[in-house]
Structure formats: structure tokens, C-alpha cells
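Engineer: My questions are about this predicted structure, shown below with the sequence.
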Amino acid sequence: MTDESVHYQPPPDSSRLTGRVAIVTGAGSRSSDIGNGRAAAILLARRGAQVLLLDANLAAAQQTLRMIESENGVALALQTDVTQPDQCQSAVRRAVEAWGRVDILVNNVGITGPAGTAVEVDLDDWDQALRVNLTSMMLMAKHAIPEMRKRQAGAIVNIASVAGLMGGTTSLLYPTTKGAIVNMTRAMAAHHGTEGIRVNCVAPGMVYTPMVAGRMTPELRETRRMRSLLQTEGSGWDVGHAVAYLASDEARWVTGVILPVDAGATAGTAKMPSLRNDFKRAPD
Ligand SMILES: NC(=O)c1ccc[n+]([C@@H]2O[C@H](COP(=O)([O-])OP(=O)(O)OC[C@H]3O[C@@H](n4cnc5c(N)ncnc54)[C@H](O)[C@@H]3O)[C@@H](O)[C@H]2O)c1
């Protein structure tokens, strides 16, 4: 063992983020309830981080701000469209102006995007949705990484989806972009590991959040719940907890990981019928 591994002693609470500065994209939510980005922002603030809340919808980011401030957390809300390179640059600059550094970037913005197979999908809609779901994450990283390099430390968490790990989604755009985020995470982890910057990905399963709630029938909600091994419904908090772990020093030896938070939906099927037993005991 190296001296480093022999002598490493975790601090009393490696989950704390006191003094760290985090940027969360899509930190609002499309309703007053808890989405993935809002939950992640609140949980990072609870751990002591100062959080810059980016959202194209300023009112949504401000609502998250009020939630954080009501718990005595520290945050700022900034209207930012993460498809726009200059706005991504300004957002990182704002975090540095306010708090002097950037330690954590959570790339959470994502939309379902246009429906349709390759035959049906509209090209302009496809291009625009690629920009929202994928290019935005590169743009935010482009400006955040130089700040992280100054301390030779940082954590980026990209939000993909189990739709990026498996087939079976009716549209082509959503699983394509989410699959690209999975491998973008691994590529970025390889590029920046020696700089002390960890890059990981959370792949949420069918959590019940405002992103999907408005388009849900009770039957579909029940089908989504039953699809997982735990057969319980997840929420934005489940995704947020995974983000907070990956952003913290508890994950100091974790990079390039794709963490499904899906109640086991991608691990297997609970009710697969099995074949008749063919095991014969050897005679004693
Ligand atoms: N809810 C689910 O079932 C589920 C499952 C898997 C993955 N996800 C992923 O979780 C992420 C989002 O979760 P959420 O619950 O926070 O969603 P949400 O839709 O509630 O909130 C996302 C926020 O992003 C903002 N936004 C949209 N486009 C933007 C842009 N160009 N620039 C800045 N902000 C923009 C919206 O205004 C909104 O407030 C997405 O990446 C999504 O694909 C969700």
C-alpha cells in the first residue's frame, strides 16, 4: 500500500460541503413541488455548500432559493439559459464573484424533447433538444472546469436517465441524448482525473417529479412503480441524495461512474417465470 492509502483517515463527516461552491442547472422545477434539480440544490445547501441556482425560469429558481433560505442555507438564483454559451460563462463568473470559487457542477437540465422515431422526428426540434440535453452540459463544464483546476479539485455530476441505459423508450431523442451523457461522463472523467476533478453520472429511474406528473394517468403511475424491484415510488429526493454523495468527499475515490437510482429497475425483473428444477442430488 502507498503511504497515501495507509495514512488516509476520513474526517468526522466527509459528507459536509462547508465552504464549497456548487452550481446546479435547472435548479427550479416546473411546479412548486420537488424535482431532481431542486432536491439536489436543497440537499447540497443542507450539507453546507453555497449554491448558485440556474434556471431559464427565474421564478422557479427563486422558489428553490426561498426553500433554501427558509432552512438558513446560502444560495443565489440566476436566470440562465444553458443552451447559450455566453450565459453559461456569465453564470460561472457570477459564482466566482459571489463566493470566489467553483467546486461542484450539477448538470441537471433535461427535457423529454420531440416525440417520434427516426422516421418521424422533426430535424429542427431534434437539433434544439440535443442542445438542451447534451450540449448544455459541455458548455457548463467548459467554463466550470478552469475554476476547478485552480484548486486541482472538483466534482461534476451529470443527470442522465435509465432511458440512456436501455432501449424501450418510444421517442428516439430522449434515450439518445441520455445515452450520450453516460459516455460523455466517462470521457470527461478520463480527461480530468489527473486534475483532481471527478465526473460522475446519476441515471434516475421513473421517479415521480413535476417533470412527469403533469402528463401522468393513475394507471401509468402504478405501472411505473411496479416496474422496479423495490416496487416503491421514488422522488426527486432520491436523485438528490445520490448527487450529494457524488459531489462530496465521501466519493473521493469515485469517478466515471454511472449510478442508476431506479429501485433496481435496470438490475433485473422480479417476476421472471423460471424453468422447472433440473438439479439432481448426487447419490451419497
Ligand atoms: N422525472 C423523471 O422521471 C426523470 C427520470 C430520469 C431522468 N430525469 C432527468 O432529470 C432532469 C430534470 O429533472 P427535474 O425534476 O429537475 O425537471 P424539471 O423539469 O422539474 O426542472 C428542470 C428545470 O430546468 C429548467 N430548464 C429547462 N430548459 C432549460 C435551459 N435551457 N436552461 C436552463 N434551465 C432550463 C426548467 O425551467 C425547469 O425549472 C432531466 O435531466 C431529466 O431528463 C428525470
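Structural biologist: Cool, got the structure.

Engineer: residue contacts, residue 118?
Structural biologist: Neighbouring residues of residue 118 by C-beta atoms under 8 Å, 6 or more residues apart in numbering: residue 172. The way it works is simple: take the backbone N, C-alpha and C, and place the C-beta from them, glycine included.

Engineer: Return the residues of the stretch 51-200 of the chain in contact with the ligand.
Structural biologist: By C-beta under 6 Å from any ligand atom, the part of the stretch 51-200 of the chain that sits against the ligand consists of 54-57, 60, 80-83, 108-111, 132, 159, 161.

Engineer: among those, which ones are buried?
Structural biologist: The neighbour-count test (16 or more other C-beta atoms under 10 Å) marks 54-56, 60, 80-83, 108-110, 132, 159, 161 as buried among those.

Engineer: which ones among the residues you listed are found in strands?
Structural biologist: Under the assignment DSSP state E, these contribute 54-55, 159 to strands.

Engineer: Let me know the closest of those residues to residue 98.
Structural biologist: Nearest to residue 98 out of those is residue 54 (C-beta to C-beta; 12.9 Å).

Engineer: Mind putting the ones in strands among the buried ones among the residues of the stretch 51-200 of the chain next to the ligand into TSV with pLDDT?
Structural biologist: Below are these laid out as TSV (pLDDT from 0 to 100):
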residue	pLDDT
54	98
55	98
159	98
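
Engineer: For the helix or strand containing residue 38, C-alpha coordinates in CSV please.
Structural biologist: Element membership of residue 38 [criterion: DSSP states H and E] is helix 36-46. Provided in CSV are the C-alpha atoms of helix 36-46 (Å, rounded to 0.1, in the frame of the first residue of the first chain):
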residue,chain,number,x,y,z
ASN,A,36,-34.5,16.4,-9.2
GLY,A,37,-32.6,19.7,-9.7
ARG,A,38,-34.5,21.4,-6.8
ALA,A,39,-33.9,18.5,-4.5
ALA,A,40,-30.2,18.3,-5.4
ALA,A,41,-29.8,22.1,-4.7
ILE,A,42,-31.5,21.9,-1.3
LEU,A,43,-29.5,18.8,-0.2
LEU,A,44,-26.2,20.4,-1.3
ALA,A,45,-27.2,23.6,0.7
ARG,A,46,-28.1,21.4,3.7
